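**Student:** structure, please.
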Amino acid sequence: MIVLEGVSKRYRVLEPGRGLGGFVRSLVKPRYREITALDNISLTVPQGQVVGYIGPNGAGKSTTIKIIAGIVRPSAGRVVVAGRDPFRQRTAHQLELGVVMGHRTRLFWDLPVLESLRYHAKVYRLSQSGLDQRIGAMARQFGIEGLLSQPVRQLSLGQRVRCDLALAFLHHPRVLLLDEPTIGLDFDSKALLRSAIRQVASDLQTTVILTSHDLDDVEALSDRIVLLDEGRVLYDGTLRQLRAQHGVLPELRLRLEAGADQVRAWLEGLGGVREVYTHDGWVCVAHEGGGAPAAVLARLLPQTPVREMTTHEPSIEEVLRRVYRGAR
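**Tutor:** Model prediction:
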């Protein structure tokens, strides 16, 4: 669905002169320096997959999104989105593209939501036959049935974002670009939107590229994550694989009468166990997931009473901090 092969993007930036003399010289003989925003990245996203595309400011996320959207042409490499060159075939491409930016609306501020949806349908050349049913289906999915007659300026932020998402999905886009979709929303609104986005994207088999600084969004929505830094791809895969690669593993935490040394001896040779240590009164068993926790308990329960037990799953923030520290 989305293919980027060896894509680079370089910009020429005017080097300002110092002082009045430097300013005059820059007018007569301008000097430029080159900035590399993307450096030979390759990426393939199949239909229906949700990809979290993340990285620090200046990593190249916005440039990638502009290239996928057909706004910017790459300096080198090949880009194909839904079988088209997004820049050369921009008009046809954008009819199958959806965009949601959490800090900016595509709705008309003083018109009822329904009028924005109808205008959007005309722009995207949707047939009037069955349009009311399509609008009704999106309104139900995003819980905006009671908002259709309200002017956009009267909506809360959460209501407005739900309407923006309904608008973005209305023409059944093959590709959806989501930029900070839940920015500024409360916990309940975020949970509702994440669930709706996953459901509608799955139903329509829409390919989604998500950029967000809210790592909970990334973890909840993404089938896969791509980490970008200084225009290069640092990692491309699942979050579980990333945790395993960087030694940030889930843990089984136990309060026992036995100490860590005894537990380590009892668990010696048990598959899936990576580390045993003590922390704040807990015996912590880092493991590779799967059936490892059950195997640990089966080995320990005949040996010592378990007074208390809990699990700890490292947050995505912990994992990413370790990845970026290692890259610099």
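**Student:** with only the CA atoms kept, save stretch 170-178 in CSV.
**Tutor:** Only the C-alpha atoms of stretch 170-178 are listed here, as CSV (Å, rounded to 0.1, in the frame of the first residue of the first chain):
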residue,chain,number,x,y,z
LEU,A,170,-16.3,9.7,5.2
HIS,A,171,-14.9,9.1,1.7
HIS,A,172,-13.4,5.7,2.9
PRO,A,173,-9.7,6.7,2.3
ARG,A,174,-7.2,4.1,1.5
VAL,A,175,-4.6,5.9,3.5
LEU,A,176,-5.1,8.1,6.6
LEU,A,177,-2.5,10.4,8.1
LEU,A,178,-3.1,11.1,11.8
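**Student:** quick check: mean pLDDT across it?
**Tutor:** Per-residue pLDDT over stretch 170-178 has a mean of 96.
**Student:** so what's Gly98 up against?
**Tutor:** 168-169, 171, 173, 175-177, 206 (Cβ atoms under 8 Å, 6 or more residues apart in numbering). Backbone N, C-alpha and C define where each C-beta goes, glycine included.
**Student:** narrow these to those in strands?
**Tutor:** 175-177 (DSSP state E).
**Student:** turn those residues into JSON lines, columns for distance to Val50 and neighbour count.
**Tutor:** What follows is the ones in strands among the contacts of Gly98, written out as JSON lines (distance: Cβ to Cβ, whole Å; neighbours: other Cβ atoms under 10 Å):
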{"residue": "Val175", "distance to Val50": "11", "neighbour count": "22"}
{"residue": "Leu176", "distance to Val50": "9", "neighbour count": "23"}
{"residue": "Leu177", "distance to Val50": "12", "neighbour count": "22"}
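**Student:** redo those residues as a markdown table? Include distance to Ser156.
**Tutor:** Supplementary listing: these in a markdown table, determined by distance: Cβ to Cβ, whole Å:
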| residue | distance to Ser156 |
| --- | --- |
| Val175 | 29 |
| Leu176 | 23 |
| Leu177 | 24 |
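**Student:** how does the chain divide into domains?
**Tutor:** Here the domain parsing of the chain from the TED database is 1-6+38-241, 250-311.
**Student:** ends of the first one, what's the gap?
**Tutor:** Using Cα to Cα, to the nearest Å, the gap from the first to the last residue of domain 1-6+38-241 comes to 23 Å.
**Student:** when you give positions from now on, start the count at 58
**Tutor:** Sounds good: first residue 58 from here, last item domain 58-63+95-298.
**Student:** that older thread, and of the contacts of Gly155, the nearest to Gly288?
**Tutor:** Nearest to Gly288 among the contacts of Gly155, counting by Cβ to Cβ, is Leu234 at 18.9 Å.
**Student:** tell me which helix or strand the residue nearest to the closest one when sequence neighbours are not counted sits in.
**Tutor:** Excluding the flanking residues, the one nearest Leu234 by Cβ to Cβ, 6 or more residues apart in numbering is Val156, at 4.9 Å. Element membership of Val156 [criterion: DSSP states H and E] is strand 154-158.
**Student:** and that strand, how far out from the chain middle?
**Tutor:** Distance, stretch centre to chain centre, for strand 154-158: 14 Å (Cα atoms, centre = their mean, to the nearest Å).
**Student:** now the residue most central in space within the chain: which helix or strand?
**Tutor:** With distances taken as Cα atoms, centre = their mean, Gly109 lies nearest the centre of the chain, 2.5 Å away. If you go by DSSP H and E, Gly109 is part of strand 107-111.
**Student:** list the buried residues of that strand.
**Tutor:** 107-111 (16 or more other Cβ atoms under 10 Å).
**Student:** identify the residues contacting the worst-scoring helix or strand of the chain on mean pLDDT?
**Tutor:** None of the helices or strands of the chain scores lower by mean pLDDT, DSSP states H and E than helix 76-85, at a mean of 71. Helix 76-85 is contacted by residues 71-74 when judged by Cβ under 8 Å, 6+ apart.
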